[in-house]
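**Student:** give me the fold of what follows.
(2 chains)
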Amino acid sequence: MASLDIQGVTKSFGVTQVLHGIDLAVRDGEMVVIVGASGCGKSTLLRIVAGLEIPTGGRVLIEGLDVTPLEPADRDIAMVFQTYALYPHMTVFENMAYGLKIRGLPKPEIRARVEEAAALLSIGQLLDRKPRQLSGGQRQRVAMGRAIVRHPKLFLFDEPLSNLDAKLRVQMRAEIRRLQKRLSVTSLFVTHDQVEAMTLGDRLVVMHEGRAAQIGTPMEVWSRPADTYVASFIGSPAMNFLPATLTEGGHAARLAGGAVWRFTDGARPGGEGQPVTIGIRPEHLLPGGPDGLAVSVDLAEPLGSETVLHGRLADGTELTARIPGGVPGEGLHLAPDLAALHVFDATSGRRLDPA
Amino acid sequence: MRKKVIFRGALLPYLLLVPQMAVTLVFFFWPAGMAVWQSTLRQDAFGLRTEFVAFENFTDLFRDERYLGAVLNTAFFSAAVAGLALGAALFLAVQADKKIRGAGLYKTLLIWPYAVAPALAAVLWLFLFHPSIGLIGRGFTALGITWDYRVNGGQAMAMVILAAAWKQVSYNFIFFLAGLQSIPTSVLEAAAIDGARPMRRFWTVIFPLLSPTAFFLLVVNLVYAFFDTFGVIHALTQGGPGNATETLIYKVYVDGVQNLNLGSSAAQSVVLMVIVIALTAIQFRFIERRVHY
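**Tutor:** Below you'll find the model as predicted:
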């Protein structure tokens, strides 16, 4: 258990720069999830922390100690891989005991630790099996067990759930979170799945093209996304973006279609006519009176308690809404929850907050 | 998955088998049968009289000091060739598996010796080790070592072992490299994170995962050392000096072709045949039981 500090880490492969200076401080016992689309550099960052890649610039500190020049073996960390990476020629027991044996622990203690971890993960009856005799979920547990027995300073997870089927994934997700809380080990978890990120993390790092687009708690990231990329990445279905211009001295936005939406939380900086992007989440659009936006619906997906509508505004802008109840009839008008509007700069995509 | 094909009529499947059966019959069963028959006969030196002696050729063989010497030579030679060829190939494969510049070229060059004919390989080593014209041979002399494989049996044995092993390294190298490349990188990374240093990783993870390949290659190398090294020995030492490099396969040639003792030569062939059948059987059993990870 320890703190982790990533300071100005950059990484280039030849001329391609994949990380443009990442700063992140993970507190003792905290679980931070790094989330982003494939190719955003999230796995590279994790591998740099593990010592499997050498950063081009910057430092990695564990418990305040600079570990950048150290081999993975000297960092006292454990990692769970996407492919589990179990040793195929060893039994489950040997897999879990391997790291302890290398550290020269006495045999009775190795046995005690492995059995304790196995009980925790309910794989005690599998200890004599080889990895090939296990199901995907069981292998996942063994990989977790191998990490736990070491009592490392840091847990690293590299998309450990993406090879599991949907049901198992949800189950293991909850289990990982429970274990992490119980053992309170500082953890870094990489995923491309925003639901995993929201549910697992104490804090999220949303990565985009080698940069940390936003670092914050799941609710912060969801309710106050730093830019349009984060806004579109977190939340499902994705946020709607509508082109607009500022009006009424920055107190309202005039949509391309002519409707004027007044902000409830004050004026945005920038003069009259400043182009902005208005973001509104599908769940914040509700069926309303004739003063709402007229939407022609192309597709309605009834989910039982609610319905997801995909449609277009009169000017052709696509719009998604999630409304309670069943499929509505013709002539639908949607009105926004004005308190839930997000305003972004039209050119930079950065969030605009009231001045 | 094997696909089952059902033929209507019985003729077609047998017709399809005929070419393979014919090849096997003409090139294996017929000569092998002849050898077995010949091994029970004794001819005089001029081939005028032939008498049936049953197992006498075999009993004579196992009482013959020179034959037992050849058995020992073969055991030593085969073990040394297999050990050297496997060890060198494994070392080279591990090096080639690293991310180094020019790895492709390095791998290609390492595969070349396999394409060299045994006699040519032998000549190459001859040019290196010849006491008066060989590069290494002269080097030994310059260092004050009395080097002449034409009189020193130990030196002759060392040279044929080296030449025979060198030729087999390429073959082993390809298999070891393929074996190494099939080990997932993440498994090695997991071992590194678990605290294993490179040497420990090699012996506790890489080597055990390569052991199926290594066992397969061991059998192939033994078969090679037993049967395919005739050319190398013939070109380098002709089994000499004395009988220092005379292996079983070379003795078959010496007794059969040079000494025209057909009965004994045939008996020796039969012994070799039994050995190769046994090795092949081990190999097949092993491949069937092969562990799949």
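**Student:** so where do the strands sit in the stretch 101-250 of chain A?
**Tutor:** Counting by DSSP state E, counting those that start in this stretch, the segments of the stretch 101-250 of chain A that form strands are A:154-158, A:186-191, A:203-208, A:211-216, A:240-247.
**Student:** relative to strand A:186-191, how tilted is the shortest one?
**Tutor:** Between the axes of strand A:154-158 and strand A:186-191, defined by axes from the mean of the first three to the mean of the last three C-alpha atoms, to 10 degrees, the angle is 0 degrees.
**Student:** ok, the longest one next?
**Tutor:** Compare the direction of strand A:240-247 with that of strand A:186-191 by the same axes, to 10 degrees and you get 100 degrees.
**Student:** tell me where chain B has helices.
**Tutor:** B:11-24, B:30-38, B:56-63, B:65-96, B:103-111, B:118-129, B:135-142, B:153-181, B:185-193, B:198-201, B:207-227, B:230-236, B:248-253, B:262-289 (DSSP state H).
**Student:** please name every helix or strand in contact with the fifth one.
**Tutor:** Contact analysis of helix B:103-111 by 3 or more C-beta pairs under 8 Å, 6 or more residues apart in numbering or on different chains; DSSP states H and E lists helix B:65-96, helix B:153-181 as its packing neighbours. All C-beta atoms are positioned from the backbone trio N, CA, C, and that covers glycine.
**Student:** do the shortest one and chain A meet at all?
**Tutor:** If I follow you right, that is helix B:153-181. No - applying C-beta under 8 Å from any C-beta of the partner chain, one finds helix B:153-181 separated from chain A by no less than 12.9 Å.
**Student:** tell me the mean pLDDT for that helix?
**Tutor:** Mean per-residue pLDDT for helix B:153-181: 88.
**Student:** list the buried residues in that helix.
**Tutor:** B:153, B:155-157, B:159-177, B:179-180 (16 or more other C-beta atoms under 10 Å in any protein chain shown).
**Student:** who's in contact with stretch A:248-255?
**Tutor:** Stretch A:248-255 has contacts (C-beta atoms under 8 Å, 6 or more residues apart in numbering or on different chains) with A:242-247, A:260-263, A:266-272, A:274, A:276, A:278, A:293, A:341, A:343, A:355.
**Student:** domains of chain A?
**Tutor:** What automatic domain parsing lists as the domains of chain A is A:4-226, A:240-345.
**Student:** the closest residue to chain B within the stretch 151-300 of chain A: what's it in contact with?
**Tutor:** Relative to chain B, the nearest point of the stretch 151-300 of chain A is A:L156 (8.2 Å; C-beta to the nearest C-beta). A:L156 sits next to A:46, A:49-50, A:77-80, A:187-188, A:190 when contact means C-beta under 8 Å, 6+ apart.
**Student:** what's opposite it in the beta bridge?
**Tutor:** Assessed by DSSP bridges, A:L156 has beta-bridge partners A:M79, A:L188.
**Student:** got the contact list for stretch B:9-19?
**Tutor:** Contacts of stretch B:9-19 (C-beta under 8 Å, 6+ apart): B:F7.
**Student:** same thing but at 10 Å, please
**Tutor:** With contacts defined as C-beta atoms under 10 Å, 6 or more residues apart in numbering or on different chains, stretch B:9-19 is touched by B:5-7, B:21, B:25.
**Student:** which of these sit farthest apart?
**Tutor:** Pairwise distances across the contacts of stretch B:9-19 (C-beta to C-beta) peak at 27.2 Å, for the pair B:I6 and B:L25.
**Student:** those two - which one has more neighbours?
**Tutor:** B:L25 (12 against 5; other C-beta atoms under 10 Å in any protein chain shown).
**Student:** need the residues of the stretch 151-293 of chain B near chain A, please.
**Tutor:** B:183-198, B:200-201, B:204-205, B:207-209, B:211-212, B:291-293 (C-beta under 10 Å from any C-beta of the partner chain).
**Student:** so what's the residue in the stretch 251-355 of chain A that chain B sits nearest to up against?
**Tutor:** Per C-beta to the nearest C-beta, A:G349 is where the stretch 251-355 of chain A lies closest to chain B, at 35.9 Å. Contacts for A:G349 were tallied using C-beta under 10 Å, 6+ apart; they are A:213, A:226-232, A:241, A:277.
**Student:** then B:P241?
**Tutor:** By C-beta under 10 Å, 6+ apart, B:P241 lies in contact with B:148-153, B:155-156.
**Student:** how about a markdown table for those residues, with distance to B:G33 added?
**Tutor:** Shown next, in a markdown table, are the contacts of B:P241 (distance: C-beta to C-beta, whole Å):
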| residue | distance to B:G33 |
| --- | --- |
| B:D148 | 44 |
| B:Y149 | 39 |
| B:R150 | 40 |
| B:V151 | 42 |
| B:N152 | 42 |
| B:G153 | 37 |
| B:Q155 | 41 |
| B:A156 | 36 |
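**Student:** out of the helices and strands packed on helix B:103-111, which is closest to A:V170?
**Tutor:** helix B:153-181 (35.9 Å).
**Student:** which neighbouring elements make contact with the closest one?
**Tutor:** Applying 3 or more C-beta pairs under 10 Å, 6 or more residues apart in numbering or on different chains; DSSP states H and E, we find helix B:153-181 packed against helix B:65-96, helix B:103-111, helix B:118-129, helix B:135-142, helix B:207-227, helix B:230-236.
**Student:** at 6 Å instead, please
**Tutor:** helix B:65-96, helix B:118-129, helix B:207-227, helix B:230-236 (3 or more C-beta pairs under 6 Å, 6 or more residues apart in numbering or on different chains; DSSP states H and E).
**Student:** from the chain's centre, how far out does stretch B:39-53 sit?
**Tutor:** Taking the mean of its C-alpha atoms, stretch B:39-53 sits 32 Å from the chain's own mean (C-alpha atoms, centre = their mean, to the nearest Å).
**Student:** endpoint to endpoint, that stretch covers what distance?
**Tutor:** End-to-end distance of stretch B:39-53: 9 Å, with C-alpha to C-alpha, to the nearest Å as the criterion.
**Student:** buried residues in that stretch, which are they?
**Tutor:** Within stretch B:39-53, the residues that qualify as buried are B:39-42, counting by 16+ other C-beta under 10 Å.
**Student:** any chance of those residues in a markdown table, plus pLDDT?
**Tutor:** Shown next, in a markdown table, are these (pLDDT from 0 to 100):
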| residue | pLDDT |
| --- | --- |
| B:S39 | 82 |
| B:T40 | 82 |
| B:L41 | 80 |
| B:R42 | 78 |
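**Student:** closest one of these to B:F230?
**Tutor:** Nearest member of the buried residues of stretch B:39-53 to B:F230, counting by C-beta to C-beta, is B:S39, at 19.5 Å.
**Student:** re the thing from before, keep only those of the buried residues of stretch B:39-53 that are in strands.
**Tutor:** Cross-referencing those against strands under DSSP state E gives B:41-42.
**Student:** in a markdown table: the buried residues of stretch B:39-53, plus distance to A:P287.
**Tutor:** Below are the buried residues of stretch B:39-53 laid out as a markdown table (distance: C-beta to C-beta, whole Å):
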| residue | distance to A:P287 |
| --- | --- |
| B:S39 | 99 |
| B:T40 | 102 |
| B:L41 | 105 |
| B:R42 | 109 |
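**Student:** nearest to B:F140, of the buried residues of stretch B:39-53?
**Tutor:** Looking across the buried residues of stretch B:39-53 and measuring by C-beta to C-beta, the closest to B:F140 is B:S39, at 43.1 Å.
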